[in-house]
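Asks: quick one, what's the 3D model for this:
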Amino acid sequence: MVVYPLMPNVTVKLIQSVVLSLSLLELFTLRAVANTVDPRKPYGRVCLSVVTSSGGETVFDVKGAYAASDRIEAHLDATLECTAVTLALDPVNGHLANDWRPQAVDLSEGQEMVLPQRPIVWNLASVRPFDFYVLFLDSGSSEAREIKRLIRAMQSSKTGSQLLDIQTTKLRELVTRQLAGSDLSSHAATIPLPDQVGGALRGGSDEFPWRRFSVRVNFTEIQPGMLIFSSRGPEDKK
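Replies: Residues are numbered from 1 along each chain as shown. Next up, the predicted model:
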């Protein structure tokens, strides 16, 4: 049998193809690990939705076109008593995105909550890009108490003021510090859209099936859990 040697350029292309395949496999594996939740352990669930002026509700879509009168809401619950914290940041300047004031609420086991709590409203008028952080942590921790105190103070701070910017920077440090040593990109939340799960959306008096579009994250009393929802598509982050 005659064995013909590979030409140098063929060998290079073969190696490049193998490397690319391994890189894609590694990427898919990392995404699978990042999105894996152990249902035997405590976890929190979050769904970002958009409510229209007519009362309709749909899951938030980064490619969606929304009216100025529409507003963002966050549906959430947890299988363990905890404190849930929300913080929307402008990815460009690090300030509060769209002046959406942060929220911190205590959840009992299985309790459903819809944020923001009135009189706060997260309007989509003149909306800028945002990264929406949701943190689940132990209600009895000193960190939870400090975060709640700071968020209470932020509710009355003047929009665009230096004080509000300082408070936002401090809150971001407190929130991200809970996951020290981990890459924030590993907490990115992938939103399951209606065409992916075949779900009907709320209209009129129907209840919005938010659990079908929720994203979950594990947490414990000593290890907080975080999800980060982004209004930017992958092409916008390059």
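
Asks: C-alpha only now, for contacts and for neighbours.
Replies: Fine.

Asks: what ranges does the protein have for its helices?
Replies: Along the chain, counting by DSSP state H, helices occupy 8-34, 142-154, 162-177, 194-197.

Asks: just checking, what packs against the third one?
Replies: Which is helix 162-177. helix 142-154 (3 or more C-alpha pairs under 8 Å, 6 or more residues apart in numbering; DSSP states H and E).

Asks: and the angle for the helix it packs on with helix 162-177?
Replies: Helix 142-154 runs at 160 degrees relative to helix 162-177, counting by axes from the mean of the first three to the mean of the last three C-alpha atoms, to 10 degrees.

Asks: surely residue 167 meets residue 154?
Replies: Yes. Between residue 167 and residue 154 a contact is recorded at 6.8 Å, counting by C-alpha atoms under 8 Å.

Asks: out of these two, which sits in the busier spot?
Replies: When residue 167 and residue 154 are compared for neighbours, residue 154 comes out ahead with 21 against 18, by other C-alpha atoms under 10 Å.

Asks: pretty sure the more buried one is in contact with residue 101, am I right?
Replies: Yes. Using C-alpha under 8 Å, residue 154 makes contact with residue 101 at a distance of 7.3 Å.

Asks: and the gap between the closest residue to residue 172 other than its chain neighbours and residue 36?
Replies: Leaving aside its sequence neighbours, residue 172 sits nearest to residue 87 (C-alpha to C-alpha, 6 or more residues apart in numbering; 7.8 Å). Residue 87 sits at a distance of 23 Å from residue 36 (criterion: C-alpha to C-alpha, to the nearest Å).
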